[in-house]
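In: Below are the sequence and a predicted model for it; my questions follow.
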Amino acid sequence: MITFQDQIFMQFLTGFSVVAILMIAATGLAIIFGVCGVINMAHGEFIMIGAYCSYLLREYIVGPNFAYTLFLAIPLAFAIVGLIGLLVERTIIRWIYDRPLETLLATWGVGIILQVVAKLVFGSELKEAKVPHILDGGVRVIRFLQFPYYRMFLIVVAIVLLALTFYIIFKTDFGLKVRAVRRNRRIASCLGIDTAKIDMTIFVFGSGLAGVAGAVLAPIKTVSPSMGFNYAVDSYMVLVLGGVGNLWGVAAGGGIIGEAETVLSFLTNNVIGRLLVFLFIVIIIRVVPRGIFGYQERR
Amino acid sequence: MEKVGEKQRIQPAGGKQRRIRRTPLIPWWALIGGAAVVAAIGAYGETSANNYLLSLLGKFLCYAIFALSIDLIWGFTGILSLGQAVYFGIGAYFVALSLKINYALTHPTRYGGKIPDFMEWNGLKVLPRFMEPLMSLPFAIACALIVPTLLALLFGVITFKRHIYGVYCAVITLAESLILQDAIIEYQAYTGGFNGITDYGNITGPVFMWFILAVTVVFFVLARLLTHSRVGTVLKSIRDNDVRAEFMGYNVANYRIFVFCLSAFMAAAAGAMYAAWVGLISFLDAGPGFSIEAVIWTAVGGRGTIIGPFVGTFLVRGASFFLSGVLADWWQLIMGGLFIFVVLFMRDGIVGTIGNWWRRQRGATYGGLVEEADRQAHDLQAEWQRDSGGAPTREI
């Protein structure tokens, strides 16, 4: 017999994998937004391309029986989406760094173009990329309810990526420069830091992270050209809630939104769940307008 | 404030005196041109030479009012809302539901029900209680206008009072619009869901065309009056530098809330007329895609000008109408390219670019002084903003 409490607990566990996906997607967004000040509306489409990388790799290159598809797909998606990010940055974004709201419009255009291209190339039907069989099954948590290995894998990936980002930003020379540029761009420039190059690298890195999010997302969601938009909006809500450009904010915002949305959607339905989370976010930022971790920002 | 149209002298740098004239509220040539356009459209409605083209014209006018409402908040006040379609959609749905309910009373469905067909498909037997007031059309119209305005007021009080704007505002409004869209699809028994509401005896004919025209003219003049008044000047100063406006003693939040409510009202009115005129609305009319598209119409026409949204809407929608059939998916590609093109190469839009050129021709920029000052102000702000930590908390 599965009690209501058990079900809620399972939803809570499932929520962690949603949190993981949100965190992977929002980390990329957070550093792009936080350092370069660019609002990347094509982020959802970057996720979509990452998902297609994962799907195509499994279907056409390594074959469905290969066990380690994902370990190939993650770096591949990072590289391909990173390259697309580089292209977008070099041709469009670099001319409009000083107009944040307009980067929103331009990247929205990029998003439309990527969506249409994906539709023309891959067709608009839903595709499915199955979970690799070494990650099939799960741990039995309570009675019949089991927690899939794949969702655990997602959580591990999210933690590793967040830790890696932390390491890069806080422990390496490059990260030092990034933080300097973020704190005071002009002084950083005076100290001989090539701020344009930092912007470019960060944009590519953030895009790559979106690709990774898509690659690990593909096995549990259907892959289609328009799959990314909701993730992009959710990621932005994570940033708004957590505080812009603060990696702890990403963890906190992602945690709250992912869990709340999963559990509330289970208790009511998708729409009311989302609505409640939205109202909650609005109330929170009414209290702390710069997000949960935003107040630490020195001006 | 001096009287409009009064001549005054200024002392430009360089010591040379030059007479300049303040722009009148509506220049005589615009008045004549506008009257001609209005009369032409109205007369076209009277002759009804081509019903299809006429319906398209009314549709575009509604779109143009919607774009104008975005121009008021974005072009003049600097608030980018990606959820303006929420207000348009709510206005449209109120009117469409009311018309549909009344239509169903006189046109029973195939199974003899006197409720809208989509309700019957979803297993409803009688009209839900909470929808009964919508049987009265005037009540529905009042709701269509008041509910969005109050919603905008609520939104404004929550966000603007706490200095949440710019990117934050854009993201929150985007999410708002996405949720409304999902809700419309989810509660299809009450909203028609994915298929939208259709076939409810929309109002056509020259009389309603004249009405749409009249509303358009009223909103146009209203927008012109507002932006050329003292309030309009304050709004522009908020757009350009909100901190300075605040220090000068203006209650920035209240100005923002006021203009946001006004634009929500306009969007709602556009939506209400759209629903009545076109006779088909769906979740897309409340979704984020529609809002952003309208932002692009405004940008193409020229933000910060009143005529710009009209020009942009008619050009882009017109092109979309004639080309999307031929080009299918490629048209979407062109739209995507248009977003990028407008942002990169045509910041001021068509009207703004022509206006700049005209002012240069007339030498009305005080020997380039105005442009120079504009550019310097923009550069300074850009630097200051990027210095303040990268996170774009205030917009240019």
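Out: Everything's here; your move. Treat the numbers as computed from the prediction; the structure is a model and nothing was measured. Numbering: from 1, shown residues only, chains lettered A, B, ... in the order given.

In: So which residues of chain A form helices?
Out: A:4-31, A:43-56, A:69-91, A:100-122, A:149-171, A:173-183, A:185-190, A:195-217, A:228-242, A:247-267, A:270-287 (DSSP state H).

In: where does the stretch 1-150 of chain B have low pLDDT?
Out: B:1-25, B:48-50, B:110, B:112 (pLDDT under 70).

In: before we move on, what SS does whichever residue of it sits closest to chain A have?
Out: As assessed by Cβ to the nearest Cβ, chain A sits closest to B:L80 within the stretch 1-150 of chain B, at 5.0 Å. Every residue, glycine included, has its C-beta placed from N, CA and C. Under DSSP: H, G, I helix; E, B strand; the rest coil, the three-state class of B:L80 is coil.

In: what residues are up against it?
Out: Listed by Cβ atoms under 8 Å, 6 or more residues apart in numbering or on different chains, the contact set of B:L80 reads A:101, A:104, B:73-74, B:166, B:169-170, B:295, B:395.

In: Reformat these as CSV; add neighbour count, distance to A:G111 and secondary structure.
Out: Listed next are the contacts of B:L80 as CSV, based on neighbours: other Cβ atoms under 10 Å in any protein chain shown; distance: Cβ to Cβ, whole Å; DSSP: H, G, I helix; E, B strand; the rest coil:
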residue, neighbour count, distance to A:G111, secondary structure
A:L101, 21, 16, helix
A:L104, 25, 10, helix
B:I73, 26, 23, helix
B:W74, 25, 20, helix
B:G166, 21, 20, coil
B:C169, 26, 20, helix
B:A170, 26, 15, helix
B:V295, 28, 14, helix
B:E395, 22, 21, coil
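
In: Among the residues you listed, which one sits closest to B:L235?
Out: Taking Cβ to Cβ as the measure, B:L235 sits nearest to B:I73 out of these, at 9.2 Å.

In: That closest one touches B:L82, doesn't it?
Out: No. Counting by Cβ atoms under 8 Å, B:I73 does not reach B:L82; the two are 11.3 Å apart.

In: Any buried residues in stretch B:233-253, and which?
Out: Across stretch B:233-253, burial judged by 16 or more other Cβ atoms under 10 Å in any protein chain shown covers B:234-242, B:245, B:250, B:252-253.

In: and the closest residue to B:F283 other than its chain neighbours, how many residues sit next to it?
Out: Excluding its sequence neighbours, the residue lying closest to B:F283 (Cβ to Cβ, 6 or more residues apart in numbering or on different chains) is B:I184, at 4.2 Å. Counted with other Cβ atoms under 10 Å in any protein chain shown, residues neighbouring B:I184 total 26.

In: and residue 189, what does it touch?
Out: Chain wasn't specified; assuming chain A. A:181, A:195.

In: I was thinking of chain B, sorry if that wasn't clear
Out: B:A189 makes contact with B:118-119, B:122-124 under the criterion Cβ under 8 Å, 6+ apart.

In: Highest neighbour count among those residues?
Out: Counting neighbours by other Cβ under 10 Å, B:M119 leads these with 24 neighbours.

In: Find the nearest non-adjacent residue to it, please.
Out: Nearest in space to B:M119, with sequence neighbours left out and distances taken as Cβ to Cβ, 6+ apart, is B:A189 at 5.9 Å.

In: With B:N122 as the reference, measure out to that neighbour.
Out: Going from B:A189 to B:N122 by Cβ to Cβ, to the nearest Å gives 4 Å.

In: For A:E297, give me the pLDDT.
Out: Here the pLDDT value assigned to A:E297 is 48.

In: How about the secondary structure of the residue in chain B positioned nearest to chain A?
Out: Closest residue of chain B to chain A, Cβ to the nearest Cβ: B:F339 (2.7 Å). Under the three-state scheme (three-state DSSP), B:F339 adopts helix.

In: What is the burial count for it?
Out: 28.

In: And the closest residue to it other than its chain neighbours, how far from A:L120?
Out: With sequence-adjacent residues excluded and distances taken as Cβ to Cβ, 6+ apart, B:F339 is closest to A:G109, at 2.7 Å. As judged by Cβ to Cβ, A:G109 and A:L120 stand 17 Å apart.

In: Kindly report the residues of the stretch 51-200 of chain B close to chain A.
Out: With Cβ under 8 Å from any Cβ of the partner chain as the criterion, the stretch 51-200 of chain B meets chain A at residues B:80, B:158-159, B:162-164, B:166-168, B:170-172, B:174-176, B:178-179, B:182-183, B:186-187.

In: Output the below-cut-off pLDDT ranges for the stretch 51-200 of chain A.
Out: Applying pLDDT under 70 to the stretch 51-200 of chain A flags residues A:141, A:144.

In: Next to chain B in this structure, residues from it, please.
Out: Proximity of the stretch 51-200 of chain A to chain B, by Cβ under 8 Å from any Cβ, involves residues A:92, A:95-106, A:108-113, A:115-117, A:119-120, A:181-186.

In: try 7 Å
Out: For the stretch 51-200 of chain A, the contact set with chain B under Cβ under 7 Å from any Cβ of the partner chain comprises A:92, A:95-96, A:98-102, A:104-106, A:108-110, A:112-113, A:116, A:119-120, A:182-186.

In: Around chain A, which positions in the stretch 201-350 of chain B sit nearby?
Out: Within the stretch 201-350 of chain B, the positions adjacent to chain A are B:292, B:295-296, B:299, B:329, B:332-333, B:335-340, B:343-344 by Cβ under 7 Å from any Cβ.

In: buried subset of these?
Out: When those are checked for burial by 16+ other Cβ under 10 Å, the buried set is B:292, B:295-296, B:299, B:332-333, B:335-336, B:338-340, B:343.

In: Run a quick neighbour tally on A:L126.
Out: Neighbourhood size, A:L126 [other Cβ under 10 Å]: 11.

In: Out of the contacts of B:A189, list just those in helices.
Out: Per DSSP H, the subset of the contacts of B:A189 in helices is B:118-119.
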